[in-house]
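In: Dropping a prediction and its sequence here:
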Amino acid sequence: MTQHFSYQDDTLNIDGISLKELAIEYGTPLYVYSKKALVENFRQYADTCKRFESDKIHSLVCYSVKSNSNLAILNILGQEGAGFDIVSGGELQRVIAAGCDPRKVIFSGVGKTANEIGLALKHDIHCFNIESFAELHRINQVAQEMGKQARVSFRVNPNVDPKTHPYISTGLKENKFGIPYEEALACYKAAASMTNIDVTGIDCHIGSQLLDDAPLLEALDKLLHLVDQLSEEGITLKHIDIGGGIGITYDDEKPVAISDYLTRLFTRVENWRKQKHPDQSIGLMFEPGRSISGNAGLLLTQVQYLKTNSDKNFAIVDAAMNDLMRPSLYEAWHKVLPVSNRKGEATSYDIVGPVCESGDWLAKQRELVIQADDILAIMSAGAYGMAMASNYNTRGRAAEVLVDNGNAYLIRRRETPEELFALESVLP
Ligand SMILES: Cc1ncc(COP(=O)(O)O)c(C=O)c1O
Ligand SMILES: N[C@@H](CCCC[NH3+])C(=O)O
């Protein structure tokens, strides 16, 4: 538990505000975020970057919008100076709607449509992270039609094992992401000869929830080697984007400290630059998501029923896989805390939702002292929680509240059933 979440008089608080009171006021399921935690997490990146800033090295931390895309969260990070890593035109529109600068946006993703590319060019985004040769041609064509130059970087697949869950590993040969390392040189040469392409960088993202930075530094070395090869071909890059991926503590994991990781990375890049390209300046970019938003939020849910089937105890709660998909999708582990502590003997429960799927569970075999109507906090749910929520079983998505300086703000209200079918129509 971070210092933002603590028990006071046996009631769980977030930055001094009672979660029980928030559950009563806003109802459950409810996502609750701490602005303080969010900003502190972002500053771990930004402050270390500032330490290494010079006339030869600059950097931009591009928050990965997909991890939590609520407008209030984007707005806060934008005010902190963040850029944004997006994967769709919708995410670009969110960044703009949140009042943030589209020129600090990098556009990743394997399937950018012509419309999305056009939208990004119209808003003059920082650059496209290209994931295939076919995409390069499409971007050049759209840019030509619009009379624009597209700044591009190739997402290279360095074939490094990130040692994380296979579903969230992205930098291996068998993954769909990026361009094979061996083909990168040819892609760059082709890009350099295209009329409406401005080759500016190189990028990779090898996976998510990495606890150790060794695979990231290994990937960096491979990128630096490619930058050298490109330089020999007369192609000079302006930035290196190492992606996101640093993990968080869900249970007892001990991820590398962000400042340690960045210090190692900047030092390596600076040594390489001094040795190989002393007159050149270089930008470093990062795309962190989970390590900024993950432990800044939790999900509140109320126990509806306690039930025992063949000796197994279930706590049936009002949140479900549609609210927090990570346990059903990756068997992800989230800590479960009672919002009000009770005295007594603990019982082992599976925490399950009301959705009609056996895979609808949030946690298994948790020792808890609870009764029906109690409120539980599912911890570390700020990243890939609400962002991956759906309306399965015609369930309105949870509301979201952000706590700032002793006040709670509703940053997304609960959906009503009417809103869920408002876009549909029956045949005439
Ligand atoms: C291209 C890209 N960048 C950044 C991220 C953010 O990763 P993380 O939340 O692990 O920092 C992801 C998700 O894994 C991604 O696919
Ligand atoms: N959604 C995943 C991470 C995928 C990251 C996206 N590239 C999770 O919850 O852990």
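Out: Looks like it came in fine. Ligands and ions are numbered 1, 2, ... in the order given.

In: As a check, name the ranges of all helices in the stretch 251-400 of the chain.
Out: Taking DSSP state H, counting those that start in this stretch as the criterion, the stretch 251-400 of the chain contains helices spanning 258-276, 290-293, 326-330.

In: right, and those helices - which one's nearest residue 80?
Out: Minimum separation from residue 80 across these (Cβ to Cβ) falls at helix 290-293, 9.9 Å. (Each C-beta comes from the backbone N, C-alpha and C, glycine too.)

In: Keeping just the C-alphas, turn that closest one into PDB.
Out: The C-alpha atoms that make up helix 290-293 are tabulated as PDB, following Å, rounded to 0.1, in the frame of the first residue of the first chain:
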ATOM      1  CA  ARG A 290       1.000   1.700 -15.900                       C
ATOM      2  CA  SER A 291       3.800   3.200 -13.800                       C
ATOM      3  CA  ILE A 292       2.000   6.600 -13.800                       C
ATOM      4  CA  SER A 293      -1.600   5.700 -13.500                       C
END
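
In: That helix and ligand 1, any residue contact?
Out: Yes: Helix 290-293 lies within reach of ligand 1 by Cβ under 6 Å from any ligand atom, at 290-291.

In: and that helix, average pLDDT?
Out: Averaged over helix 290-293, pLDDT sits at 98.

In: Touching, residue 32 and residue 297? I think so.
Out: Yes: between residue 32 and residue 297 there is a contact at 6.5 Å, judged by Cβ atoms under 8 Å.

In: Tell me the residues on the protein that lie near ligand 1, please.
Out: Residues of the chain lying close to ligand 1 (Cβ under 6 Å from any ligand atom) are 64, 67, 85, 108, 170, 205, 208, 243-245, 287-291, 383.

In: Nearest residue to residue 243 in space, ignoring adjacent ones along the chain?
Out: residue 205 (2.9 Å; Cβ to Cβ, 6 or more residues apart in numbering).

In: neighbours of the one you found, just the number please.
Out: By other Cβ atoms under 10 Å, 26 other residues sit near residue 205.

In: now swap in the one 5 residues further on and tell me
Out: In terms of burial, residue 210 registers 25 neighbours under the definition other Cβ under 10 Å.

In: do the one 3 residues further on as well
Out: With neighbours defined by other Cβ under 10 Å, the count for residue 213 comes to 21.

In: so what's it up against?
Out: 246, 256, 260-261, 264-265 (Cβ atoms under 8 Å, 6 or more residues apart in numbering).

In: Same question for residue 219.
Out: Per Cβ under 8 Å, 6+ apart, neighbours of residue 219: 158, 160, 171, 204, 206, 242.

In: Tell me how far stretch 396-409 lies from the chain's centre.
Out: 19 Å (Cα atoms, centre = their mean, to the nearest Å).

In: what's the span of it, first residue to last?
Out: End-to-end span of stretch 396-409 (Cα to Cα, to the nearest Å): 20 Å.

In: Same check on stretch 142-159?
Out: End-to-end distance (Cα to Cα), stretch 142-159: 31 Å.

In: How far off centre is it?
Out: The answer for stretch 142-159 is 23 Å, by Cα atoms, centre = their mean.

In: just stretch 222-230 next, same as before
Out: A distance of 27 Å separates the centroid of the chain from that of stretch 222-230, by Cα atoms, centre = their mean.

In: returning to that earlier point: so which one among the residues of the chain next to ligand 1 has the lowest pLDDT?
Out: Lowest pLDDT among the residues of the chain next to ligand 1: residue 170, 61.

In: Now the helix or strand hosting residue 228: buried residues?
Out: In the assignment (DSSP states H and E), residue 228 maps to helix 214-232. Neighbour counts over helix 214-232 (16 or more other Cβ atoms under 10 Å) mark 215-216, 218-220, 222-224, 226-227, 230 as buried.

In: hang on, residue 420 packs against residue 394?
Out: Yes: under the criterion of Cβ under 8 Å, residue 420 makes contact with residue 394 at 5.6 Å.

In: ok, which residues in this protein are in contact with ligand 2?
Out: 66, 168, 208-209, 326, 384.

In: can we see that at 8 Å?
Out: 64, 66-67, 165, 167-168, 170, 205, 207-209, 244, 289-290, 325-326, 329-330, 332, 383-384, 387-388 (Cβ under 8 Å from any ligand atom).

In: where does residue 6 fall, phi/psi-wise?
Out: Per-residue torsions, residue 6: phi -150, psi 160 (degrees, to the nearest 10).

In: sorry, back to before: the contacts of residue 219 in helices, which ones?
Out: In helices, judged by DSSP state H, none of the contacts of residue 219 are found.

In: Dump those residues to TSV, plus pLDDT.
Out: Shown next, in TSV, are those (pLDDT from 0 to 100):
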residue	pLDDT
158	88
160	87
171	56
204	95
206	92
242	97
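
In: Name the member of the residues you listed with the most neighbours.
Out: When neighbours are counted by other Cβ under 10 Å, residue 204 leads these with 30 neighbours.

In: Generate a PyMOL selection restricted to the buried entries among the residues of the chain next to ligand 2.
Out: In PyMOL, this line selects whichever of those come out buried by 16+ other Cβ under 10 Å:
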select buried, resi 64+66+67+168+170+205+207+208+209+244+289+290+325+326+332+383+384+387+388
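
In: how close does the closest residue to residue 318 other than its chain neighbours get to ligand 1?
Out: In space, and not counting its chain neighbours, residue 318 is closest to residue 302: 5.1 Å by Cβ to Cβ, 6+ apart. Counting by Cβ to the nearest ligand atom, to the nearest Å, the gap from residue 302 to ligand 1 is 29 Å.

In: show me the contacts for residue 302.
Out: With contact set as Cβ under 8 Å, 6+ apart, residue 302 has these partners: 23, 28, 317-318, 373-376.

In: From these, list just the buried residues.
Out: Buried, going by 16+ other Cβ under 10 Å: 23, 28, 317-318, 374-376, out of the contacts of residue 302.

In: Just name the closest of the residues you listed to residue 149, please.
Out: residue 28 (50.0 Å).

In: Which of the buried ones among the contacts of residue 302 fall within strands?
Out: Judged by DSSP state E, strands contain the following of the buried ones among the contacts of residue 302: 317, 375-376.

In: if I pick the residue nearest to residue 148 when sequence neighbours are not counted, what's in contact with it?
Out: Closest residue in space to residue 148, ignoring its immediate chain neighbours: residue 121 at 4.9 Å, by Cβ to Cβ, 6+ apart. Counting by Cβ under 8 Å, 6+ apart, residue 121 makes contact with 142-143, 146, 148, 150.
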